[in-house]
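Novice: For reference, the sequence and a predicted model appear below.
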Amino acid sequence: MTQISKYYHSNTRPVQILGIIPARYASTRFPAKALVDIGGKSMIQRVYEQAIQADRLSKVIVATDDQRILDHVASFGGEAVMTSVDHQSGTDRCHEAFMSIGSHFDYVINIQGDEPFISPEPINELASVLDLSTELATLVKIIDSEDLLFNPNVPKVVLNARQEVLYFSRQTIPYLRGQEPADWLKQHTYYKHIGIYAYRIDVLSKITSLPVSSLEKAEALEQLRWLENGFRIRAVVTTDDSHGVDTPDDLDKVTKKFLS
């Protein structure tokens, strides 16, 4: 048993989990999307109100780089902290936000700030595996269509027998030798990545100090930096799907799906 596991089992307090919603203003494809109106509420308000329903979270905050977002979150009764405009990832923003509040938490869960209709259930599913022996965790979902399977914009995940991540790739892996691609879904269970992460706080500090890795550069997937440096990522299989908003067209689609 590891030292941190011994600490947990000798102190039966519940694990304390901080939910952080990164929300920057200058999104490349959709500037100010955190403040866009969706049926009478801003995107960030909808994400926040969904996240606080996840009863396994001890606290939820927004981490932003813009005073307008900070003020808006305060206007609907939420809590937000200001972070640097220079962060390259939500993980980096989460780390600064965690350090700034100075509270005692065991884990941070990074909740995507552009999923206005996220369900509390997958957040709770991810939180359920956090027992202080878990370094990092993320969600995956079974792929059920060829469109997703062969779409390079949908990261695929390969797992080991212990439900830990072996690799993330935009390519379709594993390659099924001798099988027609049209039959691959019948022969093997493929997973896609759902981009919500849990970090043990000591691990969060370590991974944000690592340089960009060669695998991360190759696939443009930051989580490969963690694997390349020997960190273990536990995967939780969910049936919930993600409905992120990267563009105004995405916003139209999710609005029609959830509000029509």
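Specialist: That came in fine, so what should we check first? Residues are numbered from 1 along each chain as shown.
Novice: Now do the helix or strand harbouring residue 92: which elements does it pack against?
Specialist: Assigned by DSSP states H and E, residue 92 belongs to helix 90-101. In terms of contacts (3 or more C-beta pairs under 8 Å, 6 or more residues apart in numbering; DSSP states H and E), helix 90-101 is packed against strand 17-23, strand 59-64, strand 80-82, strand 107-110, strand 191-200, helix 201-207. Any C-beta I mention is one placed from the backbone N, CA and C, and that applies to glycine too.
Novice: In PDB, list the C-alpha atoms belonging to it.
Specialist: Provided in PDB are the C-alpha atoms of helix 90-101 (Å, rounded to 0.1, in the frame of the first residue of the first chain):
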ATOM      1  CA  GLY A  90      -7.400  24.000 -18.900                       C
ATOM      2  CA  THR A  91      -5.200  21.900 -16.700                       C
ATOM      3  CA  ASP A  92      -2.800  24.800 -16.200                       C
ATOM      4  CA  ARG A  93      -5.700  27.100 -15.400                       C
ATOM      5  CA  CYS A  94      -7.000  24.600 -12.900                       C
ATOM      6  CA  HIS A  95      -3.700  24.400 -11.100                       C
ATOM      7  CA  GLU A  96      -3.400  28.200 -10.700                       C
ATOM      8  CA  ALA A  97      -7.000  28.400  -9.500                       C
ATOM      9  CA  PHE A  98      -6.500  25.600  -6.900                       C
ATOM     10  CA  MET A  99      -3.300  27.300  -5.700                       C
ATOM     11  CA  SER A 100      -5.000  30.600  -5.400                       C
ATOM     12  CA  ILE A 101      -7.900  29.500  -3.100                       C
END
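Novice: For that helix, what is the distance to the chain centroid?
Specialist: 14 Å (C-alpha atoms, centre = their mean, to the nearest Å).
Novice: picking that back up, to residue 89, which of the helices and strands packed on helix 90-101 lies closest?
Specialist: strand 17-23 (8.4 Å; C-beta to C-beta).
Novice: Pull up the pairing partners for that closest one, direction included.
Specialist: strand 59-64 (parallel), strand 107-110 (parallel) (DSSP bridges).
Novice: Adding distance to residue 125, write these out as TSV.
Specialist: As requested, the strands paired with strand 17-23 are arranged in TSV below (distance: least, C-beta to C-beta, whole Å):
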stretch	distance to residue 125
strand 59-64	17
strand 107-110	11
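Novice: could I get these as JSON lines with distance to residue 94 and mean pLDDT?
Specialist: Below are those laid out as JSON lines (distance: least, C-beta to C-beta, whole Å; pLDDT from 0 to 100):
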{"stretch": "strand 59-64", "distance to residue 94": "6", "mean pLDDT": "98"}
{"stretch": "strand 107-110", "distance to residue 94": "5", "mean pLDDT": "98"}
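Novice: Pull out the buried residues from stretch 58-76.
Specialist: 58, 60-66, 69-70, 72-73 (16 or more other C-beta atoms under 10 Å).
Novice: can you give me the strands for the stretch 151-260 of the chain?
Specialist: Taking DSSP state E, counting those that start in this stretch as the test, the strands found in the stretch 151-260 of the chain are 156-159, 165-169, 191-200, 233-237.
Novice: any idea which of these is most buried?
Specialist: Ranked by mean neighbour count under mean count of other C-beta atoms under 10 Å, those are led by strand 191-200, which reaches a mean of 22.
Novice: Just name whatever secondary elements that strand is in contact with.
Specialist: helix 90-101, strand 107-110, helix 120-127, strand 136-142, strand 156-159.
Novice: For residue 190, which non-adjacent residue is closest in space?
Specialist: Excluding the flanking residues, the one nearest residue 190 by C-beta to C-beta, 6 or more residues apart in numbering is residue 143, at 4.3 Å.
Novice: mind listing what residue 107 touches?
Specialist: Taking C-beta atoms under 8 Å, 6 or more residues apart in numbering, we find residue 107 in contact with 15-18, 127, 130, 198-201.
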